[in-house]
Structure formats: C-alpha cells, structure tokens
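Engineer: prediction below, plus the sequence it came from.
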Amino acid sequence: MREVKIAPSILSADLRCLAREVEAVARAGADWIHVDVMDGHFVPNLTFGMPIVAALRRITSLPLDVHLMIEAPERYLEAFARAGADRLIVHVEACPHLHRVIQGIRGLGLRAGVALNPATPLSVLEEILPDVDQVLIMTVNPGFGGQAFIERMREKVRRARRMIDALDRPIELEVDGGVGPENASDLVEAGATVLVAGASIFEAPDGAEAALRRLRQAVENARIPRFP
Ligand SMILES: O=C(CO)[C@H](O)[C@H](O)COP(=O)(O)O
C-alpha cells in the first residue's frame, strides 16, 4: 500500500507564533513541513527565505520540504541546504538547465523535486523523471494560498501516476494548491502520495490540529490501489 504524507504549508500559518503552529501540526501527525519560497519574479508574491528555513530547523525535526518558486534557483541551493532543508523542489519553468540543477540538489545530499505549473504539460518530465525523488503537480497557479483547486488537475495527477509507475524507482507524487478534506481522497486515489495543504489546515475555524486529523481521515478513506 502506498504511504501518504501530509505536508502542511506554513504560507497560511499564523507567523506571529510559527513555532506553536508547527508544534500543533506535528502533534496531529504532520509528516513534512512545506515551505513556499517566492521571489516576486517567478510568482507575483514574496515570502520566505533561508532564515525561516533555519528557524524551522530549530523548531522541528520533521522533514522540511522547500518549494522554490524562484527564478534561477541554482543560486541558492547550497544556502537552503545549509539552512536545513531536506528536500528542494524547483520549477521546470524556471530551469533551462534542469538536469544540472537536479544533480546539484542531489550532490548536496538532499532529495530533489520538480514542480509543474497547471499549464505545463507532463511531457516535460520525460527526460528528467529517472533523476528526481519527487514530482509536484501545482493544482492552483502558484503564488498564493487559499485558491480554489483546478479540477482538471485531478486527471493530470492520474497521468503522472502512470508515468511514475512505469519506472522502477520510488518517486513521490505531490499535489499542492486547494487541497482539503473534500478532495483528499480523490487525489490519493488518483495517485498522489504527498498532500500539501495550507489554508484548509491553518485557517480552519476549529484549529490546525483538528483540521489535520480531518485530512488524515480523508486520506484513510481513500481506496488506494495496491501495487506489486
Ligand atoms: O505553493 C503554494 C502557493 O503557490 C502553496 O503551497 C499552496 O497554495 C498551499 O496553499 P493552499 O492549500 O492554501 O492552497
């Protein structure tokens, strides 16, 4: 059975008390912490950099899944590794020399991921899939939390699953954007193994812990296909 991880995105956390927010989701069973790094160029928003990753590293031992929504991410790989990132994800749209960037991440001893915007076809994965540890399918246009899930992305996740299953190595399939208890089961059934969720966890009226448990329940309700 595929193991499904939940990665709360701190983009929607209450940054006045980041440590408490992270501790709450860790208590409720979060698997990874997802960190959205935005540069105001690749996406129309600015968020976190290395200091926040370093602070998170002191707060938690959970794997830090760092999503670089930035141009020329190769400039900062070492700095994020030093700050304590465990996994670095770069956008295919931001990397003309994607193979070199992925090798750079792995050379630092980190897990390497590639992210695809909603309009980017899966065909871009063809030559890079054997070299990555994870694929992140954006299910909203990147830049902001709290957006509505783009329904057509469900089918894209299903097709990405088939591409991954055709290879003989484990690759995480991550979905990011508009993910919550209402669509989590479907996404897991489509083949996702990592669910990133921001607003549905950190902005839940009954708190992040209850929200994360609801999401976990939705994951457990999924009918996950069994693979040999
Ligand atoms: O990458 C992102 C935005 O670009 C966020 O990780 C994503 O939007 C998660 O937030 P939400 O669950 O609120 O949609």
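Structural biologist: Alright, I've got the coordinates.
Engineer: now this protein against the ligand: closest residue?
Structural biologist: Closest to the ligand within the chain is Gly198: 2.9 Å, counting by CB to the nearest ligand atom. Just so you know, the C-beta spots here come from the backbone N, C-alpha and C atoms, and that holds for glycine as well.
Engineer: wait, that residue touches Phe144, no?
Structural biologist: No - no contact is recorded between Gly198 and Phe144 when judged using CB atoms under 8 Å, the distance being 9.5 Å.
Engineer: which ones are touching Val92?
Structural biologist: Counting by CB atoms under 8 Å, 6 or more residues apart in numbering, Val92 touches Leu98, Val114, Ala115, Leu116, Thr120, Val124, Leu125, Ile128.
Engineer: so the second one belongs to a helix, correct?
Structural biologist: No - membership of Val114 in a helix is not supported by DSSP: H, G, I helix; E, B strand; the rest coil, which gives strand.
Engineer: what is the burial count for it?
Structural biologist: 24 (other CB atoms under 10 Å).
Engineer: what residues does this structure put near the ligand?
Structural biologist: Within reach of the ligand by CB under 6 Å from any ligand atom, the chain has these residues: 9, 11-12, 34, 36, 67, 140, 142-147, 176-179, 196-200.
Engineer: and Phe227, what's its pLDDT?
Structural biologist: Phe227 carries a pLDDT score of 48 in this model.
Engineer: my bad, should have said Ala190
Structural biologist: With respect to pLDDT, Ala190 has a value of 97.
Engineer: surely it touches Arg162?
Structural biologist: No - using CB under 8 Å, Ala190 is not in contact with Arg162, being 10.3 Å away.
Engineer: tell me where this protein has helices.
Structural biologist: Counting by DSSP state H, the chain has these helices, from start to end: 18-27, 50-59, 77-83, 98-107, 153-165, 184-190, 199-202, 208-221.
Engineer: pull the residues that contact the fifth one.
Structural biologist: Outside of helix 153-165, the residues within contact range by CB under 8 Å, 6+ apart are 118, 122, 125, 129, 135, 137-139, 171, 173, 175, 183, 186-187, 190-192, 227.
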